[in-house]
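A.B. asks: next comes the sequence, and after it the predicted model I'd like to discuss.
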Amino acid sequence: IEKIQQLFIESPAICLLAIQEVKNSSGGTTPGIDNISFISLAKKKQEYVKNKIKNSRYFKSSKNFKVKKDLPKVANIDKQVENSLKQNVLIENSKICWSLYKKCNIKNLKKNYRGSTIRRVWIPKQGSSELRPLGIPTLCDRTLQTVVYMGLLPIAEWQADIFSFGFRPKRSAIQPISMI
């Protein structure tokens, strides 16, 4: 089983799948300490509008550009501009995916891997004014964590108790209640 698991983790297809998982996750556009992150189309549109209205009276206004009703026609996003923005996002994200694929060679990292430092962000606790720390790893670290998770998950699920519902995929707190 260990040899099969090792082949699974070292597989290039699993590395690509892990990169896609990280890209499609909610934290895919959050940069780590290296300031590398996947780019979203919404972010690209905001940058486009900001660049178009720079050095104008609209830029100096205190209102959000989404609220401004009389934006100049230059700042409007039509189908052609949106398609070019989509292509730019796709190209940039593909470059990031390729660089991640090169960095995440498990065979080379197996013996002497050391994770990068984590970016520490303080976010508000829900329902109070206190702050709690949140550690954000780099994209490479997230990808490697996902690869190892994918390799360990089948074995952990196979060995787990069938009546265990905590922190397992496709399980919830409602399922044990429904069993009673």
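C.D. replies: Arrived safely.
A.B. asks: quick one, grab the pLDDT at residue 90.
C.D. replies: You'll see residue 90 listed with a pLDDT of 94.
A.B. asks: please tell me how far the spatially most central residue of the chain sits from residue 178.
C.D. replies: Residue closest to the mean C-alpha point of the chain, counted by Cα atoms, centre = their mean, is residue 28 at 1.3 Å. Using Cβ to Cβ, to the nearest Å, we find residue 28 at a distance of 34 Å from residue 178. Heads up, the C-betas are built off the backbone N, CA and C, glycines and all.
A.B. asks: likewise residue 31?
C.D. replies: For residue 31, the distance to residue 178 - Cβ to Cβ - is 41 Å.
A.B. asks: next one: residue 36
C.D. replies: Computed as Cβ to Cβ, the residue 36 to residue 178 distance reads 44 Å.
A.B. asks: compare these two (neighbour count), which wins?
C.D. replies: Neighbour comparison, residue 36 and residue 178: the larger count goes to residue 36, with 13 against 7 (by other Cβ atoms under 10 Å).
A.B. asks: do a quick rundown of the strands in this protein.
C.D. replies: 119-124, 131-136 (DSSP state E).
A.B. asks: closest one to residue 11 among the ones you listed?
C.D. replies: strand 131-136 (27.1 Å; Cβ to Cβ).
A.B. asks: tell me which other helices or strands the closest one touches.
C.D. replies: Judged by 3 or more Cβ pairs under 8 Å, 6 or more residues apart in numbering; DSSP states H and E, the packing partners of strand 131-136 are strand 119-124.
A.B. asks: residues near residue 128, how many?
C.D. replies: Neighbours of residue 128 using other Cβ under 10 Å come to 8.
A.B. asks: nope, residue 160 is what I was after
C.D. replies: For residue 160, the neighbour count with other Cβ under 10 Å is 12.
A.B. asks: burial count for the closest residue to it other than its chain neighbours?
C.D. replies: Using Cβ to Cβ, 6 or more residues apart in numbering and skipping residues adjacent in sequence, the residue nearest residue 160 is residue 168, 6.9 Å away. Residues lying near residue 168 (other Cβ under 10 Å) number 13.
A.B. asks: least confident secondary structure element in this protein?
C.D. replies: Least confident helix or strand, the chain: helix 57-60 with a mean of 58, by mean pLDDT, DSSP states H and E.
A.B. asks: and the longest helix for the chain?
C.D. replies: helix 79-103 (DSSP state H).
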